[in-house]
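In: I'll drop the sequence and a predicted model, then ask my questions.
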Amino acid sequence: MQQGRRGFSWEMIGDLALGRPNLGPTTRLEIYRLMQFSLRHVLEEQLGTEMADRLFREAGKTAGQAFADRLLGPLTSLSDYVRRLQTTFREYGIGIVRIEEADLSKGRFVFTVEEDMDCSGLPEMDMEICKFDEGFLAGILERSTGRPYRVTEVDCWCTGERICRFVAEVVTEP
Amino acid sequence: MTDTPSLDQAVEALHRVLSDPQASPLPPPELRGHPGFTTLYQELSALRTHLTHICHGDLSHTIHERGPLSSCLKSLQARLRHLTWQVQMIAAGDFTQRVEFLGEFSTAFNQMTEALARAKTDLERSEARYRLLAEHAADVIVTLDREGRFVYVSPSVFNLLGYTPEQLTGRPLSDITAQEGCPRPGTVVELTIRRQDGSTRWAEVSTAALPEDPGDGAVLVCVFRDISERKRLETDLKQLATTDGLTGAYNRRFFVEICQQELLQAGRRFRPTSLLLMDIDHFKRVNDRFGHAAGDQVLRRVVETGRSTLRSEDVIGRIGGDEFAVLLPSTTLEQAAKVAERLRSTYEQLAVPTRSGTVTFTVSCGVAEWKPHFQTVEELLQRADCALYMAKNAGRNCVRTEEACPGRS
C-alpha cells in the first residue's frame, strides 16, 4: 500500500473503537517514543542525521495540517484559536502550550511547550530533538492561517531546558 | 608557591559573585589561568545577570546558558511571558484567559477575569436593553456634546423630523431649533423644531446631564416628545374660549380682557384710544323674514366686512346677539367717528345673498374715547353704549359720539 504525503487521510488511522474495544484509543508514551526513536535510528543510519531531521519535519508538517483540519479549524479570532490549540494539545496529551508572542499581521509566534510528548524527560543530547514538533506546528499554522510558516526550536528539554520554545515565522520569500 | 591561587581565593571569588553587586563578570586575574574555573565563574555571573533582568521585569533577555539553573530561569521566563501575553489579551477584551501559575495569584487572577467577564456581559446586556428602549421609543432620544452637537440620535427622529440619525449626528441642535448652544440640564421646555421638508412641529424637550462622559463626548441627554397635536388642541381650546364660534370675532370676556391690556398701555404712553359700539338695526326683522340661518350669515358678514375695512391693530368683538364692539388704538374720538361712519356706510351698501333672498341692513354706531379718569373698561363701554342709544333714538342708521349723551355739551 503506497501512501503519498498528500494521500494522508484520517481513515488510515482506522476505527479505533472497533479495533480496540478493550484497550481503547490510548497507548503508553514510551511505546510512542520507542517507535519514533527506533525509526529515527534507522533513518539516521540509512540516510544521515540531516535527512532524518528533514523527514521528521516533513512528516510533522503533514500531521500538523491534518490535525488543524480535523481539530482546530481556521484562525479567525486569535484568542479563541489559542484557547482551542491549548485545549486540544492538553486533551490529546501532546503538551502544555503557552504563547509568548503572537502577531498575526507580522506572521510571528513564539510558543513554549511543557511536558512535550516527544522530548520531555529525555536525557540531554546537546541538540534540539523536536524536529517532528517543528513540522507539526508549521503545518498547523499553515493550514489555519493560509500562509506558510517556518518553525525553529530554540530551546529543548534535550539541551537541558525544562520547556521547549519554538519560534514560528511566516515564509515570505518565493 | 605564593603565585599559585589558593582554594580560599577561588571560594572568595565565587562568594563575591553571589554576594557583591559590583562583582566583575570576569574572575580575578590570578584565577583566570584555570579554564574550568573561569567558565564556572562566567556562568554564575551570567545567571546573576539573567536573574537581575527578570527581577526588574525585563523578560526580553535571551538566556544562552544551559543546565538546570538556566532551564529553571527559562521556564520562569516562558511562564511570565505567557502571563504577559494573557494580560495583553485581557486588555484587548478577551476575558476568557485563565492562569495556571503561582497558586493564589492564579486563583485571584482568574476570579478577576471572571468578574470582568461578568461585568462586561452585564454592561452589554444593560446597554442592549437601553438601546432597545431608545430605538423603539416613540420619543426621540438624543445625546449632545458640550457644543450642543448631536452625538447619538434615536431612529424615531425620522418620524419627527424626516432626518435619519446619521444625517443629524455631528450637527448642532440649532440646525433644527432656534435654541442656541445646549439646553440647561433639569429643564423641560417647549419649542418649535424644523423638519427636513421645512415644516415645523412642536416638541417638549426634557434635558438631563449625563452622569459622566461615556467616552463619546456626550454630556447631555434630551428627550424630544412631539406635542404638535397637543399644541393644536390648546390653540383650538384657546380659540373656543376667546372667540365667538359663529363669527370668529372675540367674545365679550376676551374682548374686555384685550381692552384692559390695550388701555393700560395707552395710558402709559398717553395715546388716545377709542371704542365703537355697533348694533344691527332691526335685526329681529331679518331673522323673522329670512330665518335664523340668514341672520347668522349677516352676522358673519358684519365681522368679515369689518375686518377688511378696519386696520389690523383694531380689535373686533361680538359682545351681544347683534351687537359688536371695535377697539381703535391710537384713535381720537373724532377719528373714531369717521371710522364708524365709514363702517355704517359700507354696511348700508352691503347685500348679503342667502337661500331666503338677499339681505340688506343698516347699523347704528356709538363712539366713545378712553379718558384717564376711567376706572374700568366697563365705563368706556357704558359711554359708547350711551352714544349708541342716542343713535338709535335719532332714527338708526347713523353714528353718534359720547358728546351727544345727556350732560355733555
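Out: Noted; the coordinates are in hand.
In: C-alpha from now on. contacts and neighbour counts both.
Out: Will do.
In: where does pLDDT dip in chain B?
Out: B:1-5, B:213-214, B:408-409 (pLDDT under 70).
In: taking chain B, what residue is nearest to chain A?
Out: Nearest to chain A, among the residues of chain B, is B:Ser71, at 4.1 Å (CA to the nearest CA).
In: after the one helix or strand that residue maps to, next one along is what?
Out: Applying DSSP states H and E as the criterion places B:Ser71 in helix B:68-91. Where DSSP H and E defines the elements, the next helix or strand beyond helix B:68-91 is helix B:104-136.
In: only the buried residues of the helix holding B:Ser71, if you could.
Out: B:70-87, B:89-90 (16 or more other CA atoms under 10 Å in any protein chain shown).
In: ok, now stretch B:45-62?
Out: Neighbour-count burial for stretch B:45-62, counted by 16+ other CA under 10 Å, picks out B:45-48, B:50-51, B:54, B:59.
In: tell me the secondary structure for the most centrally placed residue in chain B?
Out: The C-alpha lying nearest the average C-alpha coordinate of chain B belongs to B:Val205 (CA atoms, centre = their mean; 4.3 Å). Under DSSP: H, G, I helix; E, B strand; the rest coil, B:Val205 falls in the strand class.
In: what's the closest non-adjacent residue to it?
Out: B:Phe224 (4.7 Å; CA to CA, 6 or more residues apart in numbering or on different chains).
In: now the host helix or strand of that neighbour against helix B:104-136, angle please.
Out: Secondary structure assigned from DSSP H and E places B:Phe224 in strand B:218-226. Taking axes from the mean of the first three to the mean of the last three CA atoms, to 10 degrees, one finds that strand B:218-226 is oriented at 30 degrees with respect to helix B:104-136.
In: how about the helix or strand following strand B:218-226: buried residues?
Out: Next along the chain after strand B:218-226, taking DSSP H and E as the criterion, comes helix B:228-242. Buried residues in helix B:228-242, defined by neighbour count with 16+ other CA under 10 Å: B:239, B:242.
In: where exactly do the strands run in the chain?
Out: No chain specified, so I'll use chain A. A:96-103, A:108-114, A:149-155, A:164-170 (DSSP state E).
In: my question was about chain B, not that one.
Out: Secondary structure of chain B by DSSP E: the strands cover B:140-145, B:150-153, B:188-194, B:200-209, B:218-226, B:250-251, B:273-280, B:315-318, B:323-329, B:351-354, B:357-360, B:363-369, B:399-401.
In: the closest residue to chain B within chain A: how many residues sit nearby?
Out: In chain A, the residue that lies nearest chain B is A:Glu161 (4.1 Å; CA to the nearest CA). Counted with other CA atoms under 10 Å in any protein chain shown, residues neighbouring A:Glu161 total 23.
In: equivalent analysis for A:Gly93, please.
Out: A:Gly93: 14 surrounding residues under other CA under 10 Å.
In: excluding its backbone neighbours, what's nearest it?
Out: A:Met117 (7.0 Å).
In: the one you found contacts A:Arg90, doesn't it?
Out: No. Using CA atoms under 8 Å, A:Met117 is not in contact with A:Arg90; the gap is 10.4 Å.
In: thinking again about what came up before, A:Leu137: which of the strands of chain A is closest?
Out: Of all the strands of chain A, strand A:149-155 sits nearest to A:Leu137, with 6.9 Å by CA to CA.
In: mind listing what's buried in the closest one?
Out: Going by neighbour count (16+ other CA under 10 Å), the buried part of strand A:149-155 is A:149-153, A:155.
In: which one of these is nearest B:Lys231?
Out: Of the buried residues of strand A:149-155, the one sitting nearest to B:Lys231 (CA to CA) turns out to be A:Tyr149, at 71.8 Å.
In: excluding its backbone neighbours, what's nearest the closest one?
Out: That would be A:Val170: by CA to CA, 6+ apart, it lies 4.2 Å from A:Tyr149.
In: any idea how far that neighbour is from A:Thr152?
Out: 12 Å (CA to CA, to the nearest Å).
In: returning to what we had before: contacting residues for the nearest residue to the residue of chain A closest to chain B once chain neighbours are set aside?
Out: Excluding its sequence neighbours, the residue lying closest to A:Glu161 (CA to CA, 6+ apart) is B:Ser71, at 4.1 Å. B:Ser71 makes contact with A:160-163, according to CA atoms under 8 Å, 6 or more residues apart in numbering or on different chains.
In: and if you look at B:Glu204?
Out: By CA under 8 Å, 6+ apart, B:Glu204 lies in contact with B:188-191, B:223-227.
In: rerun that using 10 Å as the cut-off
Out: Going by CA atoms under 10 Å, 6 or more residues apart in numbering or on different chains, B:Glu204 touches B:139, B:188-193, B:222-228.
In: report the two of those residues separated the most.
Out: That would be B:Cys222 and B:Ser228, which, of the contacts of B:Glu204, are the farthest apart (CA to CA) at 17.7 Å.
In: coming back round to it: how many residues are close by the residue nearest to A:Tyr149?
Out: Using other CA under 10 Å, the number of residues around A:Val170 comes to 20.
In: how near is A:Cys119 to B:Leu160?
Out: A:Cys119 is 72 Å from B:Leu160, by CA to CA.
In: what's the answer for B:Ser330, then?
Out: For B:Ser330, the distance to B:Leu160 - CA to CA - is 44 Å.
In: and for B:Pro25?
Out: 79 Å.
In: okay, these two: which has more neighbours?
Out: Taking other CA under 10 Å, B:Pro25 and B:Leu160 do not tie; B:Leu160 has more neighbours (22 against 16).
In: how close does the closest residue to B:Glu114 other than its chain neighbours get to A:Met117?
Out: What sits nearest to B:Glu114 in space, not counting adjacent residues and going by CA to CA, 6+ apart, is B:Phe95, at 6.9 Å. Plainly put, B:Phe95 is 29 Å away from A:Met117 if you go by CA to CA.
In: same check, this time on B:Arg146
Out: Applying CA to CA, the value for B:Arg146 to A:Met117 is 62 Å.
In: and A:Glu44, by the same measure?
Out: 21 Å.
In: which of the two has more residues huddled nearby?
Out: Using other CA under 10 Å as the criterion, A:Glu44 and A:Met117 rank with A:Met117 on top: 20 against 15.
In: list the contacts of that one.
Out: Shown in contact with A:Met117 (CA under 10 Å, 6+ apart): A:29-30, A:32-33, A:89, A:92-96, A:130, A:133.
In: same check, this time on B:Arg311
Out: Each residue near B:Arg311 by CA under 10 Å, 6+ apart is listed here: B:328-329.
In: which intervals of chain A have sub-threshold pLDDT?
Out: Within chain A, the ranges that satisfy pLDDT under 70 run A:1-6, A:174.
In: near chain B, which residues of it are found?
Out: By CA under 10 Å from any CA of the partner chain, the residues of chain A that approach chain B are A:78-80, A:82-83, A:97-102, A:110-114, A:124, A:126, A:154-157, A:159-165.
In: how about the residues of chain B by chain A?
Out: B:63-86, B:89-90, B:92-98.
In: B:Gly395 is nearest to which of the strands of chain A?
Out: Across those, B:Gly395 has its closest neighbour in strand A:96-103 (109.3 Å, CA to CA).
In: pull the number of nearby residues for B:Ser126.
Out: 12.
In: same deal with B:Val359?
Out: So B:Val359, with other CA under 10 Å, has 18 neighbours.
In: just give the closest residue to it, not the sequence neighbours.
Out: That would be B:Val352: by CA to CA, 6+ apart, it lies 4.9 Å from B:Val359.
In: who are the contact partners of the residue of chain A closest to chain B?
Out: By CA under 10 Å, 6+ apart, A:Glu161 lies in contact with A:120, A:124, A:155, B:65-75.
In: pretty sure B:Arg79 is touching A:Thr112, no?
Out: Yes. Counting by CA atoms under 10 Å, B:Arg79 sits close enough to A:Thr112 to count as a contact (8.7 Å).
In: overlap in contacts, these two.
Out: A:98-100, A:163.
In: which of the residues you listed are buried?
Out: For the shared contacts of B:Arg79 and A:Thr112, a burial check counting by 16+ other CA under 10 Å picks out A:98-100, A:163.
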